[in-house]
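Undergrad: please find the sequence and the predicted model below.
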Amino acid sequence: MDSLRSSLEPIANWFSSLGTPEPIVHWGHPLMMGIVVFVMGSLVALAGWRGRTLATTNVEVAIENKAQHRKIAPLMYVFLVSGYTGGVLSLVMQGQPILESPHFLTGTVVIALLTVNAIIAATGFIGNKETARTVHAYVGSTALLILVVHAVLGLNLGLSI
């Protein structure tokens, strides 16, 4: 872990040299990630589930929702991975331990789950198999539920440092 911190410190020092005010260093990650999780996450989940559930009753709306899901989900993934990195750097900048908190653990689990989901989607749902689509839906929903817990843990972490 010391080697990870020593690897990240030059990057954190560069960001620190920009003179970013302490409240932004401390609360910037939670604010930005809160927007990504609660706004984008809600839109992605809603569009994905509407695309699945309306497929037999309203095909046009289902197709529109699936298209929205395909547009927003990759952006959300990129923002979450970037935010994950930013959160770790924020801890380094604040001189806090990294890789130790439940907040870090839940973030890591979410990134892993969403990476699995990205792979499933990138394969064309393993030949457009309904089972792969179902796994994708439930893995994504699980990741979003964990992100709610992650947000609570992050708020507790932010208030404790």
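TA: That came in fine, so what should we check first? Residues are numbered from 1 along each chain as shown.

Undergrad: what number of residues lie near residue 113?
TA: Residue 113 has 18 neighbouring residues, counting by other CB atoms under 10 Å. Where you see a C-beta, it was placed from the backbone N, CA and C, and this is true even at glycine.

Undergrad: swap in residue 43?
TA: 16.

Undergrad: could you check how far residue 114 is from residue 105?
TA: 15 Å (CB to CB, to the nearest Å).

Undergrad: remind me which residues of this protein are low pLDDT?
TA: For the chain, residues meeting the criterion pLDDT under 70 lie at 1.

Undergrad: where does the nearest residue to residue 161 once chain neighbours are set aside land in three-state SS?
TA: Once flanking residues are discounted, residue 161 sits nearest to residue 96: 5.6 Å by CB to CB, 6 or more residues apart in numbering. Three-state assignment for residue 96 (DSSP: H, G, I helix; E, B strand; the rest coil): coil.

Undergrad: rewinding a little: of residue 114 and residue 105, which one has the most company?
TA: It is residue 114, of residue 114 and residue 105, that has more neighbours when counted by other CB under 10 Å, with 20 against 14.

Undergrad: centre of the chain to the strand or helix carrying that one, how far?
TA: When elements are assigned from DSSP states H and E, residue 114 belongs to helix 102-122. When distances are taken as CA atoms, centre = their mean, to the nearest Å, helix 102-122 is centred 8 Å away from the chain's centroid.

Undergrad: pull out the buried positions in it.
TA: Residues of helix 102-122 classed as buried by neighbour count (16 or more other CB atoms under 10 Å): 103-104, 106-107, 109-111, 113-114, 117-118, 120-121.

Undergrad: next: stretch 147-161.
TA: In stretch 147-161, counting by 16+ other CB under 10 Å, buried: 147, 150, 151, 153, 154, 157.

Undergrad: ditto for stretch 11-24
TA: Applying 16+ other CB under 10 Å to stretch 11-24 flags residue 12 as buried.

Undergrad: and the helices in this structure?
TA: Using DSSP state H, the helices of the chain run over 2-16, 22-35, 41-53, 59-93, 102-122, 124-128, 130-160.

Undergrad: quick one: distance of the second one to the chain centre.
TA: Looking back up the chat, that one is helix 22-35. Relative to its chain's centre, helix 22-35 lies at 14 Å (CA atoms, centre = their mean).

Undergrad: which secondary structure elements does that helix contact?
TA: If contacts are counted by 3 or more CB pairs under 8 Å, 6 or more residues apart in numbering; DSSP states H and E, helix 22-35 sits against helix 59-93, helix 130-160.
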